[in-house]
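Student: pasting a predicted model and its sequence here:
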Amino acid sequence: MLTVLDHLPDQLLDLEAHQLEDRLGGPTLIHLAGRRDPPLFVSVLLHGNEVTGWQAVQQLLRRYTRRELPRSLSLFIGNVRAARYGQRRLDGQPDYNRIWGPGSTPEHAMAQAVLQQMQQRGVFASVDIHNNTGTNPHYACVNYLDASTLHLATLFGRTVLYFTKPEGVQSMAFGRFCPAVTLECGKPDQPHGTQHACEFLEACLHLSALPQRPVLSQDIDLFHSVAIVKIPDEVSFGFGEEAGDPHLRFPPDLDLFNFRELPPHTRIGWTNNGFHLEVQDEQGQDVADRFFYAQDGEIRTRVPIMPGMLTLNSRIIRQDCLCYLMERYSLAG
Ligand SMILES: [Zn+2]
């Protein structure tokens, strides 16, 4: 299910994300030679609705149609089937950013083939480009805290999120053998998100090496995700007054809480009875009571926390989660 090419198909750069499946047929790995090796690895469209990565690559490669890339580039174009329909993934497909660890689906095997090829070639660094569905600042995610990885992350911005769960994400697999980041570039189709990702890729292509010295704590706002908040399938929910009478109701601008440090007792929503939210820490333990409580039909925070990736998109909430909870993380030393 993987196509491997050593050149860009003609006019590929003219196609929008939803047109790629007709041209490529499925997930495609394209190796482009540049002045320096090993290649920069870039993956886009692991989530089919997150088009900023593809747009950034289009913008970048148009600059090099008549001149050589400063460094080789291996480009992986992921879930073009879901991209056709503007979806994160289609029903029946695994999430393409959860297939990079052990697993038995054809998609897992495809991801292993990509990893093997790239390990053989060697990788300078790996960049996986995503969007959020809710309002969020731009930030990079890392799964390892070594100096090179953190330098790569801060090249994108000073807000960096460190997480170790969920497993099976691209940056966790690549991070085992090269500096690897996931870029979150705000909502799809925003020109400044595309621009930001494109300039980041351009900078990576021009780097001769990533610094080995430690990142100074004043140069980074490092957060650690400590829990994931989900809404169980049997629990109904909605946003604002029009939502009718669901089990859970949230304000229509809930995503404005993203990356804001909330004081204890902040109201995040209303409940018609009971608590309903499912909150798991990175070990999979139920920690709902540690972070939230329900009182007089309201759900409030119990401790100071910062949510991220809150979205108002019901399908994304069902497919992924309501949000993550984060705490500041200080680098040792
Ligand atoms: Zn994504």
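Tutor: That came through fine. Numbers count the residues shown, from 1 in each chain.
Student: wasn't Pro214 part of a helix?
Tutor: No. The assignment for Pro214 by DSSP: H, G, I helix; E, B strand; the rest coil gives coil, which leaves it out of any helix.
Student: look at the residue nearest to it when sequence neighbours are not counted and say how many residues are nearby.
Tutor: Of all residues not flanking Pro214 in the chain, Ala147 sits nearest, at 5.2 Å (Cβ to Cβ, 6 or more residues apart in numbering). Placement of C-beta: from N, CA and C, glycine included. The tally of other residues near Ala147 (other Cβ atoms under 10 Å) stands at 15.
Student: per-residue confidence for Ala147?
Tutor: pLDDT recorded at Ala147 is 96.
Student: tell me the contacts of it?
Tutor: Under the criterion of Cβ atoms under 8 Å, 6 or more residues apart in numbering, the neighbours of Ala147 are 210-215.
Student: who wins on neighbours among the residues you listed?
Tutor: Result: Val215 is most packed of the contacts of Ala147 (other Cβ under 10 Å), 21 neighbours.
Student: could you name the specific helix or strand carrying Leu150?
Tutor: Here Leu150 is covered by helix 147-154, with elements defined by DSSP states H and E.
Student: convert that helix to CSV, retaining C-alpha atoms only.
Tutor: What follows is helix 147-154, C-alpha atoms only, in CSV (Å, rounded to 0.1, in the frame of the first residue of the first chain):
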residue,chain,number,x,y,z
ALA,A,147,19.2,18.9,23.2
SER,A,148,19.0,18.4,19.4
THR,A,149,15.3,17.7,19.5
LEU,A,150,14.6,20.7,21.7
HIS,A,151,16.6,22.9,19.4
LEU,A,152,14.6,21.7,16.4
ALA,A,153,11.4,22.4,18.3
THR,A,154,12.3,25.9,19.3
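Student: tell me the buried residues in it?
Tutor: 148-154 (16 or more other Cβ atoms under 10 Å).
Student: what of stretch 67-85?
Tutor: Within stretch 67-85, the residues scored as buried using 16+ other Cβ under 10 Å are 69-84.
Student: does any part of the helix or strand that contains Ser171 sit near the ion?
Tutor: Following DSSP H and E, one finds Ser171 within helix 170-174. No. Counting by Cβ under 5 Å from the ion, the ion has no neighbours in helix 170-174; the shortest distance is 9.8 Å.
Student: buried ones in the helix or strand that that helix is followed by?
Tutor: Sequence order places strand 180-184 as the next helix or strand after helix 170-174, per DSSP H and E. Burial within strand 180-184, assessed by neighbour count using 16+ other Cβ under 10 Å, is assigned to 180-184.
Student: where do the helices sit along this protein?
Tutor: Remark: helices assigned in the chain by DSSP state H are 20-24, 52-62, 80-84, 106-121, 147-154, 170-174, 191-206, 288-291, 314-319.
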